[in-house]
Each structure stands twice: as structure tokens, then as C-alpha cells.
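A.B. asks: Please find the sequence and the predicted model below.
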Amino acid sequence: MQAIEKLIFQAGMPVAALMEKVALRITARLSELYPAQDYPRIGVLVGSGHNGGDALVVARELHHQGRQVKIHQVLPKSKPLTRVHGCYAKSLGIPFVELDDLADCDLIIDGIFGFGLERDITGEIAIAIDTINHWSIPVLSIDVPSGLHTDRGVAMGTAIGATHTFCLGLWKRGLLTESAASYVGKLELIGFDIPAQTALQVLGDDHSLWRINPQQILRSHLPLKRPVTAHKYEVGHLLLVVGSAQYAGAALLAAMGAKATGVGMVSIAVPYSLKSLLLVQMPDALVIGCPETASGAIANLPDLDLEKYQAIVCGCGLSLDAAPVVEQLVHGDRHLVLDADGLNAVAAMGVEHLQSRTGATVLTPHWGEFCRLFPYLRAVERLEALQTAVSQTNATILLKGAKTAIAVPHRAMPKIYINPESTPALARGGSGDVLAGMIGGLLAQGMTASDTAIVGTVWQAQTAIWLAQQRTEMGVDPLTLAQGLLPFLMSKSPL
Ligand SMILES: NC(=O)C1=CN([C@@H]2O[C@H](COP(=O)(O)OP(=O)(O)OC[C@H]3O[C@@H](n4cnc5c(N)ncnc54)[C@H](O)[C@@H]3O)[C@@H](O)[C@H]2O)[C@H](O)CC1
Ligand SMILES: [K+]
């Protein structure tokens with residue numbers, strides 16, 4: 001952003017004009033979210049840089065709207081532009097007060113630091129931030145919650161816990177990380193017409209971090225269209241290699257996730273003792289009873305012609321005793337989704353075996369499974385670790401979490417897509433089995449590996465959010481989730 005701003009200023013845009021433009025847009029959006037009649041008293045925290053400058057312009061504009069505005073200057077010295085905005089605010093009679101005088105405000109605007117934060121916050125400022133975090137007043141942070149590292153999304157000493165963060169211009173990587181989730185609150189982008197060629201000049205088209213637009217993804221990918229002449233084998237044939245005596249339900253949940261995608265045929269390879277259970281629950285699936293180990297895991301696949309399957313999902317409920325089966329599939333050429341114990345088996349084999357796969361590979365780990373696969377990346381910042389892992393395996397990796405990140409192979413630098421919206425309702429055993437089945441079903445119907453990971457993630461998250469609204473976050477068990485996937489789509493698409 002600093003490089004982009006420099007080019008904009010060099011091209012003739014006055015710094016003060018850009019600050020004015022940005023701050024007026026912040027004020028307009030703020031007024032929609034926090035209308036004057038409900039939020040008449042505004043407290044504005046002002047730092048010494050241009051983040052503070054933005055905040056002072058917003059303070060002036062809210063004052064002209066007739067709101068009661070009070071300003072707390074957090075740092076004595078200021079950059080010239082920030083200083084003159086401060087003088088003008090004073091000339092308008094806007095009071096400059098101590099921090100505690102903001103405790104009766106209806107809304108706090110955080111303009112202490114933006115991307116200019118250089119070191120850990122200590123002393124007075126840290127105390128001020130911790131004090132505000134203990135108030136129960138909504139906080140709107142300008143650009144970045146003050147104290148959050150712009151790229152890594154970690155608190156530098158301490159950081160504002162924002163209700164809303166208005167990110168300016170382009171998304172800052174740090175706002176989209178897992179660690180930032182508890183600081184940023186609701187995220188919005190406030191654009192200010194950065195010329196595309198300027199962004200391209202600085203970022204190049206290998207701009208690697210994208211924030212998914214869930215509605216756009218659902219609208220453009222679902223429901224899947226089928227050719228009118230379709231017959232069952234033309235709409236994909238998916239093989240699930242799943243389940244064990246210990247985890248029978250996972251096989252069923254994965255199959256239900258697959259079924260919701262409309263895939264033409266689902267074959268389910270399970271230990272022989274689970275065959276009748278699956279047949280009863282999934283009469284439309286081809287259930288293959290496999291020889292099983294003493295512990296009730298799949299010992300080996302009967303001689304299946306793997307060529308007839310467009311995609312294979314391996315791992316849900318598999319247990320580690322089925323590792324030889326995972327090895328067989330990894331060394332095969334089919335498109336492969338690896339989840340749960342399928343991932344743990346690859347961790348034992350060594351991830352280098354994935355690099356030479358000819359079929360597409362989609363890994364769906366949570367952070368613990370990711371660290372078992374890539375132990376040497378455990379201490380690396382997640383998004384960076386994710387990009388490294390994709391470069392080394394050439395796999396699409398869906399890293400599940402509060403903010404699921406999907407990294408896909410891309411010539412210069414793997415691209416990362418962040419799912420911005422989810423719900424804690426998904427944090428329960430079985431959600432991952434349903435997701436793996438969904439991704440396999442989409443993959444078997446010809447969707448690209450990266451699209452299946454993005455569409456599967458968004459579809460599952462949006463369905464869970466929709467169900468949580470009806471049944472609370474406690475009511476979104478995996479079975480309900482799997483059964484809710486299609487009704488959710490029906491609720492979205494006009495009949
Ligand atoms: N393109 C955009 O995103 C736009 C951004 N604008 C706003 O400008 C800020 C960036 O401004 P800058 O002055 O570079 O940085 P800050 O406002 O974050 O100020 C940092 C300020 O604070 C001092 N400082 C840094 N760390 C510490 C610390 N730990 N303790 C004390 N003081 C510290 C540092 O010396 C600076 O003086 C951006 O976020 C936007 O809000 C433009 O106005 C519009 C376009
Ligand atoms: K800020």
C-alpha cells in the first residue's frame with residue numbers, strides 16, 4: 001500500500017486530497033452502519049500518523065452532521081497533515097479530551113495506527129488500548145485495528161478488539177489470518193479508486209491473496225448444470241474409501257456430502273462388516289465390502305478397476321491401519337481427496353510422494369493434521385506455511401479453521417483464497433467428513449480441484465450459517481448439515 005500510495009502521489013494526487021477522499025467514504029459508510037440518531041456521541045482516538053489524519057477528517061465530518069464528537073490525541077507529536085487537521089478540528093470547537101472522557105460515547109473510532117505500526121506498543125498507548133478493550137462500546141477501526149501487524153495479523157504488544165474494521169484500498173494480508181479473527185470484527189473494504197495499472201505495477205498479476213466473495217461463488221457455481229442427455233455414468237462416478245469398525249459414521253457422512261452434489265454414482269469401499277450398515281442408509285450407493293484387518297480397518301481394496309472412477313475420497317474414519325490402501329491410491333493416477341487418516345497416512349509416508357501425482361490432489365487438513373504433514377512448517381505463519389506446502393506438493397490444500405484458507409498451485413506463487421464467513425457451529429466431529437464427500441462429488445463431476453475446495457468450503461459454511469439461524473449453533477450436527485445442503489441452495493435460488 002505504501003508503494004501504491006507513493007505512485008499515486010507521484011502521479012499528482014495530493015496526499016491531503018487522498019486522505020479527504022478516503023475519510024469521506026469512511027464517514028458515508030459509518031453513517032449507514034452507525035446512524036446519528038442511534039450513535040450521537042462519538043469518541044475519536046487519534047494517532048500521530050495518517051491513520052490519525054483519516055480519523056480527524058471523519059471527526060470533523062461527524063461534527064458537521066451534528067453529532068457530539070470528542071477527540072483523544074493518543075500521541076503528542078503528529079505528522080504535518082495530521083497536525084493541521086487537528087488544528088482545524090480545534091478551531092471548530094471539537095473538544096480534545098482525556099481518554100476516560102470517551103467512556104460515555106456510543107461509538108469509538110480507532111485512528112491510532114494503521115499500516116505504519118513499526119514496533120510493539122508499550123506504555124500509555126498500551127494502557128489506553130487495554131482500557132478501551134474493557135469498555136463495551138463498539139469500536140470502528142480505520143484500516144487496521146491499532147496494534148495488529150498489517151501482514152502477520154498478530155497483536156504487537158496489544159491491539160484493539162474492533163467491532164468493525166474498514167480496510168482501506170486493498171485487503172491487508174494480516175486482516176485475513178486466523179490470529180486476526182478475534183481482533184478485526186466485521187471486515188469491510190473501503191475502496192478509493194486505486195488505478196488498476198498502479199496495483200498491477202506494484203503487485204504484479206501474481207497477487208496471491210484473495211478474499212472469497214461467498215455470494216458470488218454460490219451464484220456462479222451452484223447448482224451444477226447437467227446435460228439433458230446425461231445418464232448416470234456421465235455425471236461422474238466417485239469412489240469413497242472410508243470407514244472402519246471404530247469410525248463407521250464417518251463413511252456415511254462422507255457419502256451424504258457426496259450425494260448432495262448430485263454426482264452420478266457413488267461407490268463406497270468400506271470394511272466388510274460395515275457393508276450392510278451402509279446399504280441400509282445409502283440404497284443408491286454401490287457398497288464394496290473390503291477384506292478387513294483385525295482392528296476392523298480396510299486391509300486392502302479388492303481388485304477394483306480404478307479407471308472407472310473420476311475421483312476418489314480417501315480417509316474419513318479410515319483409521320491408521322489402512323495406510324497401505326492410502327499408499328496404493330497416492331501412487332495411482334486418479335483425482336484424489338485426502339482427509340483425516342488419509343492425511344495421517346501420507347504424513348507417515350512422506351509428503352514428497354504427492355509431488356509426482358498425475359491426478360489432482362486435494363488435502364483437507366485442520367492445523368494439527370497440517371503440522372503432522374509438514375512438521376518443519378509448524379512455527380511458520382500459517383498463510384506462508386500454506387504457500388510453501390502447496391509449492392512442495394503441487395496439491396490444493398484446504399486448511400480448515402475459523403477462517404478456512406485454500407491454497408492452490410500457481411506458476412510463480414500459490415494463490416490463497418480466504419473464506420471470510422463461517423460459524424463455530426461447524427466446529428464438531430463429522431463436519432470434515434461431509435466436506436470431503438462434497439469436494440469429491442464436485443471433483444468427480446469435472447470441477448477443477450481449486451474450485452471444488454472453494455465451492456465446497458463456501459457451500460458448507462453458508463449452509464451452516466443458514467441452519468444456525470434456524471436451530472442455533474448447537475443444532476448444526478453433521479447429519480443435519482448434510483441434509484441441509486440442498487434445501488439451503490433451494491432457499492437461495494429463485495424457483
Ligand atoms: N492506501 C491507504 O491504505 C491509505 C492510507 N492512509 C492512512 O494512512 C495510514 C498509514 O499512515 P502512516 O502515517 O504511514 O502510519 P500510521 O498512521 O499507522 O502511523 C504510524 C505512526 O505512529 C508511529 N508509531 C509506529 N509504531 C509505534 C509504536 N509502537 N508506538 C508509538 N508510535 C508508533 C509512527 O512513527 C508513525 O508516525 C493508513 O493506515 C491509513 O489509515 C491514507 O490516509 C489514505 C490511504
Ligand atoms: K486504526
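C.D. replies: Yes, it's here. Since we're looking at a predicted model, the values are computed, not measured. Numbers count the residues shown, from 1 in each chain. Ligands and ions are numbered 1, 2, ... in the order given.
A.B. asks: quick one: secondary structure of the residue in the stretch 351-495 of the chain that ligand 2 sits nearest to?
C.D. replies: Going by C-beta to the ion, ligand 2 is nearest to residue 420 of the stretch 351-495 of the chain, at 19.5 Å. C-beta here means a position set from N, CA and C on the backbone, and glycine is covered the same way. Of the three states, residue 420 takes coil under DSSP: H, G, I helix; E, B strand; the rest coil.
A.B. asks: residues near it, how many?
C.D. replies: Counted with other C-beta atoms under 10 Å, residues neighbouring residue 420 total 18.
A.B. asks: Which residue, other than its chain neighbours, is closest to it?
C.D. replies: residue 211 (5.6 Å; C-beta to C-beta, 6 or more residues apart in numbering).
A.B. asks: which residues does that neighbour bridge with?
C.D. replies: residue 418 (DSSP bridges).
A.B. asks: so where is the chain shaky, pLDDT-wise?
C.D. replies: 205-207, 493-495 (pLDDT under 70).
A.B. asks: can you tell me which helix in it is longest?
C.D. replies: helix 449-471 (DSSP state H).
A.B. asks: moving C-terminal of it, what's the next helix or strand?
C.D. replies: Sequence order places helix 478-492 as the next helix or strand after helix 449-471, per DSSP states H and E.
A.B. asks: And the longest helix of the chain, what's buried?
C.D. replies: Of all the residues in helix 449-471, those buried under the rule 16 or more other C-beta atoms under 10 Å are 449-468.
A.B. asks: so residue 347 is in which element?
C.D. replies: If you go by DSSP H and E, residue 347 is part of helix 341-349.
A.B. asks: Please apply the same query to residue 312.
C.D. replies: Here residue 312 is assigned to strand 311-314, by DSSP H and E.
A.B. asks: Name the residues that touch that strand?
C.D. replies: 236, 238-242, 254, 258, 306, 325-326, 329, 332, 334-339, 342, 436-437, 439-440, 443-444 (C-beta atoms under 8 Å, 6 or more residues apart in numbering).
A.B. asks: before we move on, what SS does residue 109 have?
C.D. replies: The three-state assignment at residue 109 reads strand, by three-state DSSP.
A.B. asks: Grab the nearest non-local neighbour of it.
C.D. replies: residue 44 (4.7 Å).
A.B. asks: contacts for whatever helix or strand the one you found lives in?
C.D. replies: Using DSSP H and E, residue 44 sits within strand 41-46. Residues outside strand 41-46 that contact it (C-beta under 8 Å, 6+ apart) are 52, 55-56, 58-59, 62, 67-74, 78, 82, 86, 101-102, 104-112, 128, 132, 137, 146.
A.B. asks: What parts of the stretch 101-250 of the chain come near ligand 1?
C.D. replies: Within the stretch 101-250 of the chain, the positions near ligand 1 by C-beta under 6 Å from any ligand atom are 113-119, 121, 125, 142-143, 168-169.
A.B. asks: same thing but 8 Å
C.D. replies: 111-122, 125, 142-144, 146, 150, 156-157, 168-170, 192, 194 (C-beta under 8 Å from any ligand atom).
A.B. asks: Could you tell me which of these belong to strands?
C.D. replies: Judged by DSSP state E, strands contain the following of those: 111, 142, 168.
A.B. asks: so which of the residues you listed also contact ligand 2?
C.D. replies: Among those, the residues that sit close to ligand 2 (C-beta under 5 Å from the ion) are residue 142.
A.B. asks: got the ones in strands among the residues of the stretch 101-250 of the chain next to ligand 1 as TSV, with neighbour count columns?
C.D. replies: Shown next, in TSV, are those (neighbours: other C-beta atoms under 10 Å):
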residue	neighbour count
111	31
142	32
168	26
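A.B. asks: From the ones in strands among the residues of the stretch 101-250 of the chain next to ligand 1, pick the one nearest ligand 2.
C.D. replies: residue 142 (4.6 Å).
A.B. asks: Let me see the contact set for that closest one.
C.D. replies: By C-beta under 8 Å, 6+ apart, the neighbours of residue 142 are 26, 51, 54-55, 58, 109-111, 114, 166, 168.
A.B. asks: Of the residues you listed, just say which sits nearest to residue 270.
C.D. replies: residue 166 (50.7 Å; C-beta to C-beta).
A.B. asks: Can you report how many residues neighbour the closest one?
C.D. replies: 25.
A.B. asks: So it belongs to a strand, correct?
C.D. replies: Yes: counting by three-state DSSP, residue 166 is found in a strand.
A.B. asks: Just to check, it is in contact with residue 188?
C.D. replies: Yes: Residue 166 is in contact with residue 188 according to C-beta atoms under 8 Å; the separation is 5.5 Å.
A.B. asks: Now the common contact residues for these two.
C.D. replies: Jointly contacting residue 166 and residue 188 under the rule C-beta under 8 Å, 6+ apart are residue 29.
A.B. asks: Break down the stretch 251-400 of the chain into its helices, ranges please.
C.D. replies: 275-281, 323-330, 341-349, 352-355, 367-373, 382-393 (DSSP state H, counting those that start in this stretch).
A.B. asks: which parts of the third one are buried?
C.D. replies: If you call a residue buried by 16+ other C-beta under 10 Å, then helix 341-349 has these buried ones: 341-347.
A.B. asks: Now distance to ligand 1 too, for the residues you listed, in a markdown table please.
C.D. replies: Formatted as a markdown table, those follow (distance: C-beta to the nearest ligand atom, whole Å):
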| residue | distance to ligand 1 |
| --- | --- |
| 341 | 45 |
| 342 | 43 |
| 343 | 39 |
| 344 | 42 |
| 345 | 46 |
| 346 | 41 |
| 347 | 40 |
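A.B. asks: Settle this for me: the residue of the stretch 351-495 of the chain closest to ligand 2 is touching residue 212, isn't it.
C.D. replies: Yes: counting by C-beta under 8 Å, residue 420 does reach residue 212; the two are 6.3 Å apart.
A.B. asks: thinking again about what came up before, list only those of the contacts of strand 311-314 flagged as buried.
C.D. replies: Counted by 16+ other C-beta under 10 Å, the contacts of strand 311-314 give 236, 238-242, 254, 258, 325-326, 329, 332, 334-339, 342, 436-437, 439-440, 443-444 as buried.
A.B. asks: if we can go back for a sec, which positions within the strand holding residue 44 qualify as buried?
C.D. replies: Across strand 41-46, burial judged by 16+ other C-beta under 10 Å covers 42-46.
A.B. asks: just to revisit the earlier point, from the buried residues of helix 341-349, which is closest to ligand 2?
C.D. replies: Of the buried residues of helix 341-349, the one sitting nearest to ligand 2 (C-beta to the ion) turns out to be residue 343, at 38.7 Å.
A.B. asks: burial of residue 248, as a residue count?
C.D. replies: Count around residue 248 with other C-beta under 10 Å applied: 19.
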